[in-house]
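# What follows is a protein structure lacking sequence information:
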Ligand SMILES: [Zn+2]
């Protein structure tokens, strides 16, 4: 039987592994991610949970109801622990829409707002999730972040200005206590997107301190392009979920480019896009291996 996402996260904490969170915009992305997770599950003889994320833009493109139905269909048909998250939603209304339609978790991203407003908006989302849990018996997790991790899953020339200011353990504790969030995304060195000049470095000691003082599972954003050992150290220090998006977008784009170049007269989408699904599948499987310490 499938457990609640909350329980898979607890398992990840206990085993010092992390659940992979991968974003989608379309069906190719979903198939690639699910195929990768399923393949690894078959190899290790154990279900490897996975979280599908949609940002506000990705959700608009894919369709809120459509993406919800797709993930739910796979979960129920295959009895597979695949979950859906509202990645970086910026308003109460957009968070509420995702909760109401059946998402398993939401991220309220109010980190750009003044601190008091960030706390108030985050708390509003937590309170709403609790109300829905009480009224429906469903489980919904709320995540929020503090500090600026940069924005946009794109290719950046260098680390953006103002990004990379690290979250202090005491600020983290105050924020978690004031909001009652289930999961916390600290700024610990990673940056959203792929950085052309140099790889960001994760401060694993800081992860450990924040995990100890806040006592909530921690989430690492901006996982694309990090060194393997940075992931491993961060996960051993308390990271329970790792976000990957840009790496999948780049692989998708490259695979589509190559398929079109190699078959200039091909017009069948399934033929042109299968290499993109396979490219995503490969990355997802290899990242999940790393996050679960499987060689
Ligand atoms: Zn993120």
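Looks like it came in fine. Given the structure is predicted, the values throughout are model-derived calculations rather than measurements.
# Mind jotting down where the helices sit in this protein?
Read by DSSP state H, the chain holds these helices, from start to end of the chain: 5-15, 27-44, 56-62, 64-78, 92-101, 115-136, 169-179, 204-214, 228-237, 246-262, 269-291.
# Tell me which of the ones you listed sits nearest to the ion.
Closest approach to the ion among the helices of the chain is made by helix 246-262 (10.1 Å; CB to the ion). Yep, even glycine has a C-beta here, placed from its N, CA and C like the rest.
# Remind me what that closest one packs against, helices and strands.
Under the contact criterion of 3 or more CB pairs under 8 Å, 6 or more residues apart in numbering; DSSP states H and E, helix 246-262 touches helix 27-44, strand 194-195, helix 269-291.
# Quick check, the residue in this protein closest to the ion?
Counting by CB to the ion, the chain gets nearest the ion through residue 221, at 3.3 Å.
# give me every residue that touches the nearest residue to that residue once chain neighbours are set aside.
Ranked by CB to CB, 6 or more residues apart in numbering and with sequence neighbours excluded, the top spatial neighbour of residue 221 is residue 243, at 4.7 Å. Residues in contact with residue 243, defined by CB atoms under 8 Å, 6 or more residues apart in numbering, are 21-23, 53, 87, 219-223.
# From residue 111, how far out is the residue of the chain closest to the ion?
Distance of residue 221 to residue 111, given as CB to CB, to the nearest Å: 11 Å.
# higher neighbour count, these two?
Using other CB atoms under 10 Å, the more surrounded residue of residue 221 and residue 111 is residue 221, with 27 against 21.
# Now do the contacts for that one.
Contacts for residue 221 (CB under 8 Å, 6+ apart) come out as 145, 149, 185, 190, 192, 243.
# quick one: low-confidence parts of the chain?
Confidence mapping of the chain against pLDDT under 70 gives the ranges 148-151, 157-164, 197-198.
# do that again at 80, thanks
147-165, 191, 193-200, 223, 225 (pLDDT under 80).
# Close to the ion: what parts of it are there?
Contact residues (CB under 5 Å from the ion) of the chain with the ion: 221, 243.
# Which residue in the chain shows the largest distance from the geometric centre?
What lies farthest from the middle of the chain is residue 265; by CA atoms, centre = their mean that is 36.9 Å.
# contacting residues for the closest residue to residue 35 other than its chain neighbours?
Closest residue to residue 35 apart from its sequence neighbours, by CB to CB, 6+ apart: residue 281 at 4.3 Å. Taking CB under 8 Å, 6+ apart as the criterion, residue 281 is in contact with 31-33, 35-36, 39.
# Tell me how far stretch 128-144 lies from the chain's centre.
Remark: stretch 128-144 is offset 19 Å from the chain centroid, using CA atoms, centre = their mean, to the nearest Å.
# and that stretch, which residues are buried?
Burial within stretch 128-144, assessed by neighbour count using 16 or more other CB atoms under 10 Å, is assigned to 128-129, 132, 139-144.
# Thought residue 98 was touching residue 128, still the case?
No: between residue 128 and residue 98 there is no contact under CB atoms under 8 Å: 10.8 Å.
# hang on, residue 170 packs against residue 209?
No: contact criterion CB under 8 Å: residue 170 and residue 209 do not qualify, at 9.6 Å.
# neighbour-wise, which of these two wins?
Per other CB under 10 Å, whichever of residue 170 and residue 209 has more neighbours is residue 209, with 21 against 11.
# From residue 203, how far out is the more buried one?
Where residue 203 is concerned, residue 209 sits at a distance of 9 Å (CB to CB).
# And residue 191, how far from residue 113?
The value you get for residue 191 to residue 113, if CB to CB is used, is 20 Å.
# correction: residue 127
For residue 127 relative to residue 113 (CB to CB), the value is 17 Å.
# ok, now residue 189?
Using CB to CB, one obtains 23 Å as the distance from residue 189 to residue 113.
# With neighbour numbers in mind, choose between the two.
residue 189 (20 against 14).
# Tell me which residues touch that one, please.
Listed by CB under 8 Å, 6+ apart, the contact set of residue 189 reads 164, 166, 200-203, 206, 230.
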